[in-house]
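In: no sequence on this one, just coordinates:
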């Protein structure tokens, strides 16, 4: 969980890294790093927390979050066969707050 193995494996690699909330990745994104690795978080994990909250007490705020995340999933599905530039345009048109 210290991040030693992730740092060793990725060494000088630079880019965007999609990760879950495993503590071993946190060292890759720490302030002391060169910021060569940009964290992309997992929507499924965030969604699960809202789902659990809504299941536990029928939270209207959690339901709203689930609906908004669902809308983003729908937009992503709509753009799955598009080019990167087209997908970016779709996101800018439909995914903004």
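Out: Received, thanks. Remember, it's a predicted structure, so these values are computed and weren't measured experimentally.
In: C-alpha from now on. contacts and neighbour counts both.
Out: Will do.
In: could you pull out the helices for the chain?
Out: Here the chain has its helices, by DSSP state H, at 4-10, 43-57, 60-78, 84-94.
In: relative to residue 19, which of these is closest?
Out: helix 43-57 (10.0 Å; Cα to Cα).
In: rewinding a little: reformat the helices of the chain as a markdown table; add mean neighbour count and mean pLDDT.
Out: Putting the helices of the chain into a markdown table (neighbours: other Cα atoms under 10 Å; pLDDT from 0 to 100) gives the following:
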| stretch | mean neighbour count | mean pLDDT |
| --- | --- | --- |
| helix 4-10 | 12 | 84 |
| helix 43-57 | 14 | 92 |
| helix 60-78 | 14 | 96 |
| helix 84-94 | 13 | 96 |
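In: residue 29: which of those helices is closest?
Out: Per Cα to Cα, nearest to residue 29 of those: helix 4-10, 10.2 Å.
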